[in-house]
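**Q** After the sequence you'll find the predicted model.
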Amino acid sequence: MSSISRREFVYMMAILGSTQLFANSHTKITQGGNPKDYYKLKNFGNARILHMTDPHGQLLPVHFREPSENLGFFGNLGQPPHIVGEYFLKYYGIKNGTRLAHALTCVDYVNAAHKYGKIGGYAHIKYLADYLRDSYGRKNTLFIDGGDTWQGSATSLYTRGKDMVGAQNLLGIDVMVGHWEFTYTEKEILENIKALDAEFIAQNVFVKDEALMDGAQAYNEDTGRAFKPYTMKTIDGNRIAIIGQAFPYTTIANPQRFIPDWSFGIHQGDLQKLVDSVRSKEKPDAVILLSHNGFDVDKKLASVVSGIDFIMGGHTHDGIPEAVSVKNNSGVTYVTNAGSNGKFVSVLDMDIKNHKVNDFKFTLLPVFSNILPEDKKMKEYIEGVRKPYLSKLTRKIATTDTLLYRRGNFNGSFDQIICNALREVKGSDISLSPGFRWGTTVLPGEDITFDDLMTQTAMTYPETYVKDVKGSDIKNILEDVADNLFNKDAFLQQGGDMVRTGGLSYTIDPVKSIGHRISNLQLSSGKKIEANKSYKMSGWSTVGSKSPGEPVWDTVIKYLENHRHIKNLHIDTPDIIGVKNNPGITNCKKV
């Protein structure tokens, strides 16, 4: 399989009918333009895989600011996805001010968002997917979903993910894997899988032995696997094996109490045995791992497991316009990621001959909703899903002069609102909010609606708490989360971001070992946090037992209704040691 340079990968995004659109043009594109002029890929090979991941319940087009911090260290320093802002543009040779620069970076975000509009939306994705199928040949095309699909919006919470299942069925998804899907109950998950037209696969989810003995359902009682581990698909006579890899740390990062009978893990040894078995018994022409590990984990997995042609991944929300090559014992595995929130659809075109992949082209397509028309049936479906809740969803809570976003290794501005709300409403010294990577963006001058708030908070364990904790415990919490994010071993990373803080400042040295990264903890008053002193701390989203307080959105609504307008928002960002010249951090200024 031949390799293609980074520059050629980017060029493939420019061959959508007009190199001026995505490369060096400032040409104004209007709603009336023909999308086929911009999304027409030159057909290549004989098997096409469409891939999207991490939509997080966003049926409508959204603004979603890419991170200004995605720090990489050790072997990941300066490597995708740990390159942001102007460093990203330079790395890939993308000119600032273009649509492509806006889709992939946070540079000059507000101006670019006003210029180029929202991205994504299932009605627009449906139109694009149908066009990509029809232009290539439907019998030659599969559409796979990397998970984090059934969670992240008010309607997905209210319908327990069923709104997204219906959208997936209309979209024509063929295969799916999961993560936040597992934050519903086992009964709800299995009901949704039954209603899903696609196959739900996962090689690394097992039914616990004691549960099996008590009669718990398993896909295969001999192996203990809870779900079908892989599927075989035929594309124009070519046999494609697709293996599922669910998020391996689900019951650590999310509550075990909803799915007490299931266990998760990377299980690289089991994966290698499965790949070998599939290669031997099924004689596939290509093997694809549909993964929700996160990009760094996928890269390490590609280095230790051989026999996989492509890992098409998700979880870390990285929009990367290339397939990154990783060497292993059998040759090379290519790792891809397709962003989040419906912003991108990736296209993998494979040239399969003599029962192997001889060559390929990978293209990451931004879904510009002011270029792509809406599919009529999907639009009607979305309107129907939202109609019972529409007055509640569109309710205006407050306004903002501040860009409100979440994505980044440390506090985002919407995270800060949540932390401020917890402190003010709960009367606490300190507040903590999880470092989730989902949550859309609100532009300055726009209303903050209930819909917007729910993109930040809609989940099945939103309850708040207030408790007294020692200063030493606060440090331990920060140390534990930092280790999940910055551990040198990718297999010990969980793919989220640092816990968000309110009323608290600290210093972090990411390259140190656990227990030694966090120092200089202070309250917002400037007083040093003492290890043996007790402090009142508020928060939400407890993974263990259910917290006693109201859902966090109720807390934030009280805060927003009290303030009415957000301006001059101070963001509690830590002092970070050792990041000078690190391309994983920038202020996303206009360049």
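**A** Alright, I've got the coordinates. Numbering: from 1, shown residues only.
**Q** Low-confidence stretches in the stretch 101-250 of the chain?
**A** For the stretch 101-250 of the chain, no stretch has pLDDT under 70.
**Q** Same check on the chain?
**A** Using pLDDT under 70, the chain drops low at 1-37.
**Q** Would you mind splitting it into its domains for me?
**A** 6-62+118-382, 394-576 (automatic domain parsing).
**Q** so which of those domains gets nearest residue 70?
**A** Closest approach to residue 70 among those is made by domain 394-576 (6.4 Å; Cβ to Cβ). For glycine as for every other residue, the C-beta is placed from the backbone atoms N, C-alpha and C.
**Q** End to end on the closest one, go ahead and measure it.
**A** 39 Å (Cα to Cα, to the nearest Å).
**Q** now swap in stretch 583-591 and tell me
**A** Start-to-end, stretch 583-591 (Cα to Cα) is 15 Å.
**Q** May I see the buried residues of that stretch?
**A** 583-586, 588 (16 or more other Cβ atoms under 10 Å).
**Q** Going by distance to residue 429, which of these wins?
**A** Relative to residue 429, and with distances defined as Cβ to Cβ, the nearest of the buried residues of stretch 583-591 is residue 585, at 28.6 Å.
**Q** State the distance from the closest one to residue 291.
**A** 26 Å (Cβ to Cβ, to the nearest Å).
**Q** now swap in residue 153 and tell me
**A** On the measure of Cβ to Cβ, residue 153 and residue 291 end up 24 Å apart.
**Q** Between these two, tell me which one has more neighbours.
**A** Between residue 153 and residue 291, counted using other Cβ atoms under 10 Å, the more crowded position is residue 291 (33 against 26).
**Q** Quick check, the more buried one in contact with residue 300.
**A** No. Residue 291 is beyond contact range of residue 300, at 11.7 Å (criterion: Cβ atoms under 8 Å).
**Q** what residues are up against the closest residue to residue 395 other than its chain neighbours?
**A** Take residue 395 and drop its neighbours on the chain: the residue closest to it by Cβ to Cβ, 6 or more residues apart in numbering is residue 450, 4.6 Å away. When contacts are counted by Cβ atoms under 8 Å, 6 or more residues apart in numbering, residue 450 touches 154, 392-395, 397, 553, 557.
**Q** Among the residues you listed, name the buried ones.
**A** Of the contacts of residue 450, these count as buried by 16+ other Cβ under 10 Å: 154, 393, 397, 553, 557.
**Q** between those residues, which is closest to residue 278?
**A** residue 154 (40.2 Å).
**Q** With adjacent residues omitted, what lies nearest to the residue nearest to the spatial centre of the chain?
**A** Residue closest to the average C-alpha location in the chain (Cα atoms, centre = their mean): residue 317, at 3.3 Å. Excluding its sequence neighbours, the residue lying closest to residue 317 (Cβ to Cβ, 6+ apart) is residue 340, at 3.8 Å.
**Q** so how far is residue 448 from the one you found?
**A** 21 Å.
**Q** Please say which of the two ends up with more neighbours.
**A** Ranked by neighbour count (other Cβ under 10 Å), residue 340 and residue 448 place residue 340 first, with 30 against 23.
**Q** quick one on the thing from earlier: tell me who's in contact with the residue nearest to residue 317.
**A** Residue 340 neighbours (Cβ under 8 Å, 6+ apart): 53-56, 64, 148, 314, 317, 319, 437-438.
**Q** mind checking how far it is from residue 120?
**A** 9 Å.
**Q** Now do the shared contacts for those two.
**A** Common neighbours of residue 340 and residue 120 (Cβ under 8 Å, 6+ apart) are 55, 64.
**Q** Near residue 84, how many residues? Count them for me, please.
**A** Neighbours around residue 84, by other Cβ under 10 Å: 28.
**Q** Would you list the phi and psi of residue 317?
**A** phi 60, psi 30 (degrees, to the nearest 10).
**Q** Now for it: which residues touch it?
**A** 54, 339-341, 407, 437-438 are the contacts of residue 317 under Cβ under 8 Å, 6+ apart.
**Q** hey, where'd the helices end up in the stretch 451-591 of the chain?
**A** 471-486, 552-563 (DSSP state H, counting those that start in this stretch).
**Q** Pull the distance from the longest one to the chain's centre.
**A** If I follow you right, that is helix 471-486. Here the centre of helix 471-486 is set off from its chain's centre by 23 Å, with Cα atoms, centre = their mean, to the nearest Å.
**Q** And that helix, what's buried?
**A** 471, 474-475, 477-479, 481-486.
**Q** ok, back up a step: specify which member of the contacts of residue 340 is nearest to residue 112.
**A** Using Cβ to Cβ, those come closest to residue 112 at residue 64, 12.2 Å.
**Q** Next up, the contacts around the closest residue in space to that closest one that isn't next to it in sequence.
**A** Nearest residue to residue 64 in three dimensions, chain neighbours excluded: residue 341, at 4.6 Å (Cβ to Cβ, 6+ apart). Contacts for residue 341 (Cβ under 8 Å, 6+ apart) come out as 54-56, 58, 62, 64, 119-120, 317, 438, 440.
**Q** again, only this time at 6 Å
**A** 58, 62, 64, 120 (Cβ atoms under 6 Å, 6 or more residues apart in numbering).
**Q** before we move on, back to that, could I get the buried residues of stretch 583-591 as TSV with distance to residue 74?
**A** What follows is those, written out as TSV (distance: Cβ to Cβ, whole Å):
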residue	distance to residue 74
583	14
584	12
585	16
586	20
588	25
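**Q** could you check the distance from the residue nearest to residue 64 over to residue 209?
**A** Taking Cβ to Cβ, one finds residue 341 at 38 Å from residue 209.
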